[in-house]
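Colleague: whatever this is, show me its structure:
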Amino acid sequence: MTAERPSPAAPDAEPFWRTTPLARMTRAQWESLCDGCGRCCLLKLEDEDDGTVAYANVHCRLFDPETRRCGAYARRKALVSGCVILSPQTIDEIKDWMPATCAYRLLAEGKPLFDWHPLISGDPDSVRRAGVAVQGSVPEYEVDEDDLPDHLIEGML
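Modeller: Now for the predicted structure:
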């Protein structure tokens, strides 16, 4: 008796991010939601009065601008105490700190992914071409904390 292989999904089958709740995704599915924009690695300032979050054009010391990924992803929390570990369990409390374009945030809010997301476009470079990828940011060790307001990015949510 031979083991039966699962048949491939029909071409018109709904993609997993539309049918699988965040909390039920496999690790591979969860990780594939990251579009590689790098925006979550930018430093953020929160307005004490209204709670709005503003992004600075200053990235975490672990951020690799070439790959737009964390250079120490598995150890990021140990190396950067303020790093947020995004998970299905933490998404609701953290989503407001994530960029408005972030797939994790969009799905948690019941919104669709953008057409440029690599899961839709099939191209990991589509995020850069769409103008969403972090470009030209500076590492945090080059900017004094008091100068962060001078590095805020206008209009980025």
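
Colleague: low pLDDT regions in the protein?
Modeller: Within the chain, the ranges that satisfy pLDDT under 70 run 1-12, 157.

Colleague: again, only this time at 50
Modeller: Of all residues in the chain, those with pLDDT under 50 make up the ranges 1-8.

Colleague: can you give me the strands for it?
Modeller: Under the criterion DSSP state E, strands of the chain are mapped to 42-46, 53-59, 63-64, 69-70, 138-139.

Colleague: just give me the neighbour total for Y104.
Modeller: Other residues lying near Y104 total 22 when counted by other CB atoms under 10 Å. C-beta coordinates here come from the backbone N, C-alpha and C atoms, glycine included.

Colleague: one more: T20?
Modeller: Other residues within reach of T20, judged by other CB under 10 Å, total 15.

Colleague: and it, what is it in contact with?
Modeller: The contact partners of T20, by CB atoms under 8 Å, 6 or more residues apart in numbering, come to Q29.

Colleague: ok, it to W116 distance?
Modeller: Between T20 and W116 the computed distance is 22 Å (CB to CB, to the nearest Å).

Colleague: circling back: including distance to L148, could the strands of the chain go into TSV?
Modeller: TSV is the format used below for these (distance: least, CB to CB, whole Å):
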stretch	distance to L148
strand 42-46	6
strand 53-59	5
strand 63-64	15
strand 69-70	20
strand 138-139	11
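
Colleague: enumerate every residue touching A103.
Modeller: A103 makes contact with 17, 33-35, 113, 117, 119 under the criterion CB under 8 Å, 6+ apart.

Colleague: let's go with 6 Å and repeat that
Modeller: With contacts defined as CB atoms under 6 Å, 6 or more residues apart in numbering, A103 is in contact with 33, 35, 113.

Colleague: for it, give its distance to F16.
Modeller: Note on A103: its distance to F16, by CB to CB, is 12 Å.

Colleague: ditto for R76
Modeller: Going from R76 to F16 by CB to CB gives 25 Å.

Colleague: hang on, isn't P118 packed against P124?
Modeller: Yes: under the criterion of CB atoms under 6 Å, P118 makes contact with P124 at 4.8 Å.

Colleague: and those two? Which one has more around it.
Modeller: P118 (18 against 12).

Colleague: so who does the more buried one touch?
Modeller: Counting by CB under 6 Å, 6+ apart, P118 touches 35, 124, 126.

Colleague: may I see the buried residues of stretch 103-119?
Modeller: Within stretch 103-119, the residues that count as buried by 16 or more other CB atoms under 10 Å are 103-108, 113-114, 116-119.

Colleague: cool, thanks, signing off.
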